[in-house]
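Predicted model follows, preceded by the sequence.
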Amino acid sequence: MAVDDAYSVLLMHMNGEDGSTTLTDEAGHTVTPYGAEIDTDQSKFGGASCLFAGDDYAVISDSNDFDFGTGDFTIDFWVRFSALDTNSREIMQRLDADNPGGLNRMDLIMASNTLQFTAYTDGTQIASVSRSITISASNWYHVAIVGYSGQFLLFLGGVKQGASADRVNPGSMPYSGNVYLGKNQQFGVYWLAGWIDELRISKGIARWTTDFTPPTVAYNPPVLVAPPALDAAAGLSADVESSTAIDVGPLEVVSVLSAIVTHSEEIVAPPLLGISGLSVTPWVYAVPAALSVVSGLQASIALFRDRNFRITYVCTLGDLTIPITSFQARFKSGNPSFLSVVVPGLDYADDIVARAGDLLRVYMVKTYKDGNVTREMLGEVTQDALRLDQGARNQSITLDGYGTYTHEAKAVTLTSPQYKAVYGGKTRYRCAPDFTAKPGDTATVGEEAAGVISAITWAIGANSELMEIEIAGEVV
Amino acid sequence: MGKATIVSNLGKGHYRISIKYNTTVTDKIISQCTSRMASLDTKITALDSLIAAEEMKLIDANLSSPPADWKTIFGIKTRLNGYKRQRYAFVIERESSRQKIVQQQLISRSIETEAWCADLTEDLSGDVGTIEPTNIRADVPIIQPGYDDNAGYDKGRDGCLQHAMANVPEATFWNLAMHPGWQKYAPLYRTGSILVLDKTTNTASVSLHAATSTQRPRGQVIDLNVEDILHEVPIRYMN
């Protein structure tokens, strides 16, 4: 792979086999198609182009290469519309993933009568250039957007459209975010119906500032002409044919110079050691900010247990995995069990309502240091009540449900008993949460043969974790 | 104490009855929730329109030439988010109301069972009052004695059973908490056997049947008999 020159930070020839979903950038950026594919029916160069069928798009991964700052740049490509009217069609949008509301974005839009380029930085409009054009479907058009000395120039078919436009506001365009081809990602609208070929983004150069003849061939790297072998004669030098380029070999790291160090995002913490005379805290809780995806489930509450594994509690309603901040449950075998979960915010309101009456489940997931994951459902009920709680700044939805189910009884051994209470003809133990324990099991707690578990109570929150088993009968 | 309707006469003072539950609260909850749902439907529909309008404004603002300034866009987004939050809240409240209705509709409005009339009156019909000897629903009910047309339902005397789910949680808990004390110290009806009958004073000594509360706080068995034998219990003769 190679680009045509050092200014090209993206070059897509859009070539390949018909129907291929491999979209290649000669500059090496990752391009992921979402329906967009190589099509050999239409082509400007190379016998193929990229087809966007009206609900397809492609995503070019975020890169600093697309941050133009205040410098010169050029975006140019060929486009052919299969259908076109006065409705806008998004050729390209760069959108800040962390701010999808659009305060940091860049848009290149076309319609049958409009060519428009806009850009925002932190909500401040930097560029706003709109030109009236006349184009129609089933024709190839070369389009170029040029940033030159703080101004923006639009070209169609090599002809400059209107005057150069000043920046609406001073400032750079420090965008971040993926580049979306064929779709307005911000609103999910303005799909492109047509083909794009020979897309190039150049940084640090205004390739055209006046009318020009559109390229007639694809942008290819210069042909390197190997110099002829030197017939070196002592004291004489042979003439060398001039080359159109100088092939510079890879730069090597020179001894005594340090190479660039890539910073790791991973911080390796040393194991906690017990200080003489002090006991090591067996439980280390962490703020559950990091939500991880485990086995296809979206985690909600993450609690860290010693150095060996992390516990995550996950909740599902029907086929939906929903985030939770806490849950309480009392699971029994053969008798109604109760489960209540708190879902933060209101974002899942529609999804929850669509699944009203579905099975509400909670899982415990253990993720070990070596990457192995085990998970077990703690219990399930049928959702039958919900409540909205609103505060000054936050809202939450509480889902409740009851259900009756039975387990196949087995023997379990529970560790780390923290509390034992005997009253009312029942014995209760608090111990380390264990997802293998189920109502109906015969439990051994520590060294003590406890008995048959009649109920298990769970109370899990961001910074608390409680599992209490209830044994029918007094264990003394 | 409760209200029942004679379903059929099984003979010799034995009847099949339908015990009626007081569904006033249930009906009121269902009515209120139904009304609220209709109101919320209107509000949600209105918000849907407002949201759609703001979304169109946002698109137009972004794509107008020149695009609208950020303050305009920020204002649109603020309104849009506000409408969406309000809509979510209404959607949840509506579903909460719907599930409340479903819950209330599951509550029994009546149950059928067999019962003896206390004095074996054989010609009862219509609504009658019932007696639950230890004040729990699980008791086999007894129909009020029919002598002198006494068995007919009397709202003030007999009241009407109400399902716990048809009440607010705090009221249900209060009833539950007070129940053992009420059973033991303020029973309305109890069964017993006459030990000694004094025809002069029309009184009797009565041995109360053994009874314990259905509630067992912390496993404690509560004996409902304060005294096992009651003395000088007044007797009212049928003739």
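Looks like it arrived, so ask away.

quick one: contacts for the nearest residue to A:F327 once chain neighbours are set aside?
Leaving aside its sequence neighbours, A:F327 sits nearest to A:V341 (Cβ to Cβ, 6 or more residues apart in numbering or on different chains; 4.2 Å). C-betas here are computed from N, CA, C, even on glycine. A:V341 makes contact with A:C315, A:I322, A:I324, A:S326, A:F327, A:L360, A:V362, A:T398, A:L399 under the criterion Cβ atoms under 8 Å, 6 or more residues apart in numbering or on different chains.

how about those residues in a markdown table, adding secondary structure and pLDDT?
A markdown table is the format used below for the contacts of A:V341 (DSSP: H, G, I helix; E, B strand; the rest coil; pLDDT from 0 to 100):
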| residue | secondary structure | pLDDT |
| --- | --- | --- |
| A:C315 | strand | 94 |
| A:I322 | strand | 92 |
| A:I324 | coil | 93 |
| A:S326 | strand | 93 |
| A:F327 | strand | 95 |
| A:L360 | strand | 96 |
| A:V362 | strand | 93 |
| A:T398 | strand | 96 |
| A:L399 | strand | 96 |
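
Show me what the one helix or strand A:I91 maps to is packed up against.
Using DSSP states H and E, A:I91 falls within strand A:89-95. Under the contact criterion of 3 or more Cβ pairs under 8 Å, 6 or more residues apart in numbering or on different chains; DSSP states H and E, strand A:89-95 touches strand A:73-81, strand A:105-111, strand A:178-181, strand A:193-203.

try 7 Å this time
Packing partners of strand A:89-95 (3 or more Cβ pairs under 7 Å, 6 or more residues apart in numbering or on different chains; DSSP states H and E): strand A:105-111, strand A:178-181.

Would you mind putting those into TSV with mean neighbour count and mean pLDDT alongside?
Output for these, formatted as TSV (neighbours: other Cβ atoms under 10 Å in any protein chain shown; pLDDT from 0 to 100):
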stretch	mean neighbour count	mean pLDDT
strand A:105-111	23	88
strand A:178-181	24	92
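
Please enumerate the strands of chain B.
Assigned by DSSP state E, chain B shows strands spanning B:2-11, B:14-20, B:110-117, B:127-131, B:142-143, B:192-198, B:203-208, B:229-234.

quick revisit: out of the helices and strands packed on strand A:89-95, the one nearest A:T427 is which?
Closest approach to A:T427 among the helices and strands packed on strand A:89-95 (Cβ to Cβ): strand A:178-181, 57.9 Å.

Could you give me the PyMOL selection string for whichever of the contacts of A:V341 are buried?
This is how PyMOL selects the buried members of those, with burial counted by 16 or more other Cβ atoms under 10 Å in any protein chain shown:
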select buried, chain A and resi 315+322+324+326+327+360+362+398+399
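
Out of the contacts of A:V341, the closest to B:Y189 would be?
Out of those, the member with the shortest distance to B:Y189 (by Cβ to Cβ) is A:T398, at 41.8 Å.

For that closest one, give me its contacts.
Taking Cβ atoms under 7 Å, 6 or more residues apart in numbering or on different chains, we find A:T398 in contact with A:S340, A:V342, A:L386, A:R387, A:D389.

roughly how far apart are it and B:R98?
Using Cβ to Cβ, to the nearest Å, A:T398 is found at 16 Å from B:R98.

what's across from A:P344 in the sheet?
On the basis of DSSP bridges, A:P344 is bridged to A:S396.

Quick check: it touching A:I322?
No: using Cβ atoms under 7 Å as the test, A:P344 is too far from A:I322 to be in contact (9.6 Å).

one step back: what angle do the strand holding A:I91 and strand A:73-81 make?
Here strand A:89-95 runs at an angle of 150 degrees relative to strand A:73-81 (axes from the mean of the first three to the mean of the last three Cα atoms, to 10 degrees).

Pull up the pairing partners for strand A:89-95, direction included.
Next to strand A:89-95 in the sheet, as set by DSSP bridges, lie strand A:105-111 (antiparallel), strand A:178-181 (antiparallel).

any chance of those in TSV, plus distance to A:A411?
As requested, the strands paired with strand A:89-95 are exported to TSV (distance: least, Cβ to Cβ, whole Å):
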stretch	distance to A:A411
strand A:105-111	60
strand A:178-181	53
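
so which of the strands of chain B comes closest to A:F309?
strand B:110-117 (52.3 Å).

which helices and strands does that closest one pack with?
Where contact means 3+ Cβ pairs under 7 Å, 6+ apart, strand B:110-117 is packed against strand B:14-20, strand B:142-143.

repeat that for 10 Å
strand B:2-11, strand B:14-20, strand B:127-131, strand B:142-143 (3 or more Cβ pairs under 10 Å, 6 or more residues apart in numbering or on different chains; DSSP states H and E).

Now find how far off-centre that strand is within its chain.
For strand B:110-117, the separation from the chain centroid amounts to 18 Å (computed by Cα atoms, centre = their mean, to the nearest Å).

separation between the closest residue to A:T210 other than its chain neighbours and A:I133?
Closest residue in space to A:T210, ignoring its immediate chain neighbours: A:K160 at 6.6 Å, by Cβ to Cβ, 6+ apart. In this structure, A:K160 and A:I133 are 12 Å apart, going by Cβ to Cβ.

anything in contact with each of the two?
Common contact partners of A:K160 and A:I133 (Cβ atoms under 10 Å, 6 or more residues apart in numbering or on different chains): A:L154.

Give the residue spans of chain B that score low on pLDDT.
Chain B contains residues with pLDDT under 70 at B:135-139.

Tell me which stretches of it form helices.
In chain B, the helices defined using DSSP state H lie at B:24-63, B:70-105, B:155-158, B:169-185.

quick revisit: for the helices and strands packed on strand B:110-117, state which one has the densest average packing.
Most buried of those, by mean neighbour count (mean count of other Cβ atoms under 10 Å in any protein chain shown): strand B:127-131, with a mean of 23.

Least confident secondary structure element in chain A?
In chain A, the helix or strand scored least confidently by mean pLDDT, DSSP states H and E is strand A:293-294, which has a mean of 36.

Lovely, talk soon.
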